[in-house]
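1. below: sequence and its predicted model.
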Amino acid sequence: MMLTERVQKILAGYESDNPGTKSNLARILMNGRLGGTGKLVILPVDQGFEHGPARSFAPNPAGYDPHYHYQLAIEAGLSAYAAPLGSLEAGAATFAGAIPTILKCNSANSLSTNKDQAVTASVGDALRLGCAAIGFTIYPGSEDQYELIEEIRELAEEAKSVGLAVVMWSYPRGGMLTREGETAMDVCAYAAHMACLLGAHIVKVKPPTDALFLDAARKVYEDQKIDVSTMSARIAHVVQACYAGRRIVVFSGGEAKGLEGIYNEARAIRDGGGNGSIIGRNTFQRPKKEALEMLDNIIRIYQGKD
Amino acid sequence: MMLTERVQKILAGYESDNPGTKSNLARILMNGRLGGTGKLVILPVDQGFEHGPARSFAPNPAGYDPHYHYQLAIEAGLSAYAAPLGSLEAGAATFAGAIPTILKCNSANSLSTNKDQAVTASVGDALRLGCAAIGFTIYPGSEDQYELIEEIRELAEEAKSVGLAVVMWSYPRGGMLTREGETAMDVCAYAAHMACLLGAHIVKVKPPTDALFLDAARKVYEDQKIDVSTMSARIAHVVQACYAGRRIVVFSGGEAKGLEGIYNEARAIRDGGGNGSIIGRNTFQRPKKEALEMLDNIIRIYQGKD
Amino acid sequence: MMLTERVQKILAGYESDNPGTKSNLARILMNGRLGGTGKLVILPVDQGFEHGPARSFAPNPAGYDPHYHYQLAIEAGLSAYAAPLGSLEAGAATFAGAIPTILKCNSANSLSTNKDQAVTASVGDALRLGCAAIGFTIYPGSEDQYELIEEIRELAEEAKSVGLAVVMWSYPRGGMLTREGETAMDVCAYAAHMACLLGAHIVKVKPPTDALFLDAARKVYEDQKIDVSTMSARIAHVVQACYAGRRIVVFSGGEAKGLEGIYNEARAIRDGGGNGSIIGRNTFQRPKKEALEMLDNIIRIYQGKD
Amino acid sequence: MMLTERVQKILAGYESDNPGTKSNLARILMNGRLGGTGKLVILPVDQGFEHGPARSFAPNPAGYDPHYHYQLAIEAGLSAYAAPLGSLEAGAATFAGAIPTILKCNSANSLSTNKDQAVTASVGDALRLGCAAIGFTIYPGSEDQYELIEEIRELAEEAKSVGLAVVMWSYPRGGMLTREGETAMDVCAYAAHMACLLGAHIVKVKPPTDALFLDAARKVYEDQKIDVSTMSARIAHVVQACYAGRRIVVFSGGEAKGLEGIYNEARAIRDGGGNGSIIGRNTFQRPKKEALEMLDNIIRIYQGKD
Amino acid sequence: MMLTERVQKILAGYESDNPGTKSNLARILMNGRLGGTGKLVILPVDQGFEHGPARSFAPNPAGYDPHYHYQLAIEAGLSAYAAPLGSLEAGAATFAGAIPTILKCNSANSLSTNKDQAVTASVGDALRLGCAAIGFTIYPGSEDQYELIEEIRELAEEAKSVGLAVVMWSYPRGGMLTREGETAMDVCAYAAHMACLLGAHIVKVKPPTDALFLDAARKVYEDQKIDVSTMSARIAHVVQACYAGRRIVVFSGGEAKGLEGIYNEARAIRDGGGNGSIIGRNTFQRPKKEALEMLDNIIRIYQGKD
């Protein structure tokens, strides 16, 4: 499979990585219906950890079975499938080679009383399960943020040394951050930039609002007249914060919502130069047929057809 | 010994495990009177750690001797025997090969002032004692839950690499949880699901009540009309939360209680599709003859004869 | 040297240990005037750490010299000598082979403001100093108890792997425990049982009083009519809690006291089936001649001659 | 390339280092327009971590691209370029060999609520990226200072063993320190001295004010009539505190300010015997042409031409 | 160089150490003008860490240069020179073999808000710098005392295994201790004894006052009529607490003071059987000529000539 020029250009941005890691990035970038376009749609299923099984899967009980998500991602022609250890263990042999997988290596749960995550999987696990990448969440702003950063630092170094890619969920939370602050423009861009500084290959953040949280940042946004008025402008600013486009950045879908809201967000991500979507609950909580239709539409948006 | 079709089907759910781990799961699943049925009755004796020796063994002083529990499990034709380090060290040679053993690798005690457990044994210990599996307790909800999770993560990875199985006691406790919340339907299913996500081969939880604890979960249970009215329905829901039956889940017996209560619980576990019981105090605190009769009845229930 | 039947029987209880560890247990059990009887008198000298040098040695200044304690233990025909790192380093070559030694691997001091101990020696130290065993204190009930347990767990696994025996001082302290609770019958038996569960070869506890501390335990002691009225009955109960006699349990002498008190305690330990005494201050704080006389009397008691 | 006498003299001060480390120090000292003079101008770009991307790069958006900073440092003929992991990964291959690089191995961010930094890169990272040195920040005075010191101790030992140089940012902060105290004469000199004691090859501190913070120190400064009246006198005192000139010490530029302020500071550093400047925001927040002019002027100052 | 009888006798006290460690102890005991006498005068220069550079060196600015202290110690004919990592790195090659050095492996500073020290050097550093010993401070009584003890335990075991000697600064501080308590007779003797128990080869404590701090200890001092009335009696008691003279114990000089005070203290140390002085500020804060005269007088006192 020859890499497209677009993918070659993206890979050129990862100039320090070994051929193993580049191959795994290429596996993700060349997979599925968006393969070769530089755009990505990834299915993440870690909501069972974050919210429990019923809140995650009762609306569409087929999702209790980990094979279901593999099948959904494969049938929809997605770029990759991300999940925690047990879920990949339950399907990695059946679906070996059928879709690139990302092993989510830490997780939180709704019973927790602090803003931290537990490390739940290792680079060794990712290798034995044939994954293309490891995934890891940091909570910039949390009292535990530096421990989280030091954990991913160590995992990322090991992952790169064995040719895996590193996907970083960068979700500001805790400490001085208000609920609004977590998705404020300046905070989102900061979170995305930090993931780049930490050596992430693929950055995942939430779509930012037009709020500005940190006083010192607000001043700069106003003085420099940075456009935060539209979602596509805000996406473009996040892309800029990701080393001016040298790093892949994808956006989470957030809570379940209406189809038009989802499509408009995808259009804004596309128009702002973002690399795509990581979309979980909005996908697997719908009946499979509806989910496939929705994903087809999203893919068509990223293909520029809609 | 040829594996039964039922056991082969169960093992197929552990598709990422190496032959060593599958062999040890098979040893447990093929052992005793329920061997080959996919049902399990396991004898756990860690109450000496949790409650002290007199509370555990004075009602039936034969239990002070660790050999007694081996003998009881063997004579009753149980699937496996689980105990802490010292107790297995005291019998592992005498009863080598006579029954699969599970080394309980962490423990709490009644003198503790926090909701944590100490790591008390290693994978190396399990190997030198000829165990089939390691066991480990997590307390989802506790302030120490992420440390517990990280400890079992590390032990589980090592156990799997040397062909041992991993049994996880998932007991919600501490933090925001009330006493009632610990065994609420949503919380039990969540606890079972987390053990699966963490890569457990065998999950152990308490039989859930019909209470619902987390507000966000209650809404889903009500909206989706999830049946929590009978124990067998609740067991079925836990089985669903264990990767729709791809993982073995067994239920603890809880405090000593009347025989009919025990038998009815076993029937509900069986009817709900659960894999069996881990039953400690209700067994070893009875005189041996009574215990054997009771276990015979429980086994007959799981055999579908009662 | 042929092992006596009594010692062979005791060693049979350690059925999981390698020949190295069994040899070291045998070295202790066959040494001195009680050699072969299954009874032990051990000299521990870690009070310099716990209480400082003057409180420990000023009453008999010969004890400032670490050689003194070796000589005392050897001349008295004791089973073993236990001391911290520096004290063994100061005599291990001079007295090599003359008496089995136990390297005390953690220690507290009177200046401490919490109920913890520092690790002060390693298994490697025990090997290079020719010791037969390592010793370690846990404080069940203390806020630091799980850290202490995890430390001894790691040291014990290493010790066993290189053929050393493990002696555990199990002293309830801190947390919810009152001063009286520390030596209450139920708490002492619990502490002894926990040391067994943790894989100790030799358990050291304080002689229990007839107090009962934990409410849930008191109920069982009363319901089951467990006899706690005499010291020998209480000792027998502790022996029962030590795997029904499968583990060696010895009792500390406690604060300096009158000779008759000491002798009566030894008689009760003997009559209750305990394995002997670890007696420090009551020994080395007396002039050597007096100490030797006292130890002679204690040994005669354990020999059943008094 | 023959080393100049000046550089040979400086290297002689590092008499315990292996040839690898000396070579890397020489690479920095011999590079750029100040090569061979013993003076240094280093470009550090870690403000994206400390202040976020917009506050750092919006004034001159070219700086969002990590290649920009390499180019700026190379075109200006600087001594070295220092940046965090991701930023070096994004340019290390393109600019391999073009300028010595310093991998900043820890970082803080504006969302933090304590005075600590996270370790974000390793010595292994520095080696695979072809760096000449690692950089590390300590916060003398912070509640976390000893952990920071122990982290750099470990990294520095490893760095020296593989022939890398060690640059230490020593920024007093937190604990008893007031804002004024952070840059007080006595505190700055103390911070510089501590970096030397910790084995730094290159020390980076802020230019001190004439304030004196610690009472015990003030007394000595007054009794010994230490001249703190001019910046060059204060720089000379810091140089003295750096083992009387046996260690390289450079000064940070601090917040963006007017050109004359910058030039005067450089003159004072030069006149006081300091080794040069680490100047970030004042450089990359200006348009490239202006930045190059400014750097040209600074270099000319260090060349003694202005 | 044949060892004197006195030194052979001292070395005999270290009967468990390997020839490497004995050689390094011998290097120190045979060096300088007191070589062979069993007496020691050691120059420690870690005050730059503890108090900052100006408070340490401004009274005699030659001391800013680390070479100065080597020269001073060599010219004065001292037994050894002790300093932190950077200071030894700055002179270890120039003065290789000229005087035994002790690498101080932990340090505190005046900006700290707790009673702890940071580990600042390793055994590997000591080896590559040709040191004869490592030095380490513990603060008995501090909330961090057990962590400090565990750090030196690990370093000491490693040091001994590679043939280095271990010098322990035992300075009671923090916790329940008052300022007066830190140097009280009972506390000093306890601190010295603990260093011995921890396996130190050379113990360094402060000269004790006649105060008694711990109630339980006071009672014993009074009951046993331990003489604490004169400094030489107190020194003799500390020597007794150091395994009755089997361990070398030296005393720190404390704050700068008058010459007669220093000489009288040395006479008391000598008369009490102490092994000598570690004397820093009183030495290097004087002009070199005065310092050499003072050291000459101190050495003459230890030679018994004054």
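-> Great, that's in hand. Residues are numbered from 1 along each chain as shown, chains lettered A, B, ... in the order given.
2. can you report how many residues neighbour A:Ala82?
-> When neighbours are defined as other Cβ atoms under 10 Å in any protein chain shown, A:Ala82 has 28 of them. (Glycine included, C-beta is placed from N, CA and C.)
3. pretty sure A:Leu43 contacts A:Phe284?
-> Yes. A:Leu43 is within contact range of A:Phe284, at 7.4 Å (criterion: Cβ atoms under 8 Å).
4. what do those two both touch?
-> Here A:Leu43 and A:Phe284 have A:69, A:72 as joint contacts, going by Cβ atoms under 8 Å, 6 or more residues apart in numbering or on different chains.
5. the helices in the stretch 51-200 of chain A, which residues?
-> Under the criterion DSSP state H, counting those that start in this stretch, the stretch 51-200 of chain A carries helices at the ranges A:53-57, A:66-76, A:85-89, A:123-128, A:145-161, A:185-197.
6. before we move on, the earlier item: with neighbour numbers in mind, choose between A:Leu43 and A:Phe284.
-> Taking neighbours as other Cβ under 10 Å, A:Leu43 and A:Phe284 compare with A:Leu43 leading, 26 against 23.
7. could you report the pLDDT at the residue nearest to that one when sequence neighbours are not counted?
-> Of all residues not flanking A:Leu43 in the chain, A:Ala73 sits nearest, at 4.3 Å (Cβ to Cβ, 6 or more residues apart in numbering or on different chains). Looking at A:Ala73, its pLDDT is 98.
8. same check on the one 4 residues further on?
-> The pLDDT attached to A:Gly77 in the predicted structure is 98.
9. list the contacts of it.
-> A:32-34, A:295, A:299.
10. what's the answer for A:Val239, then?
-> Contacts for A:Val239 (Cβ under 8 Å, 6+ apart) come out as A:245, A:249, A:272-274.
11. shaky segments in the stretch 51-200 of chain A?
-> Scanning the stretch 51-200 of chain A for pLDDT under 70 picks out nothing.
12. show me where the stretch 151-300 of chain A has strands.
-> Using DSSP state E, counting those that start in this stretch, the strands of the stretch 151-300 of chain A run over A:165-170, A:202-205, A:248-252, A:276-278.
13. does A:Ile149 touch A:Ile138 like I think?
-> Yes. A:Ile149 is in contact with A:Ile138 according to Cβ under 8 Å; the separation is 5.9 Å.
14. for chain C, what's its nearest residue on the stretch 51-200 of chain A.
-> Distance from chain C to each residue of the stretch 51-200 of chain A (Cβ to the nearest Cβ) is smallest for A:Ala118, at 17.7 Å.
15. centroid-wise, who is the farthest residue in chain A?
-> In chain A, A:Asp223 marks the outermost C-alpha relative to the chain mean, sitting 31.4 Å out by Cα atoms, centre = their mean.
16. nearest to E:Ile279, out of the strands of the stretch 151-300 of chain A?
-> E:Ile279 lies closest to strand A:165-170 among these, at 55.1 Å (Cβ to Cβ).
17. now do the closest one against helix A:185-197, angle only.
-> Angle between the axes of strand A:165-170 and helix A:185-197 is 160 degrees (criterion: axes from the mean of the first three to the mean of the last three Cα atoms, to 10 degrees).
18. touching chain D at all, strand A:165-170?
-> No. Counting by Cβ under 8 Å from any Cβ of the partner chain, chain D is not contacted by strand A:165-170; separation bottoms out at 10.2 Å.
19. thanks a lot, see you next time.
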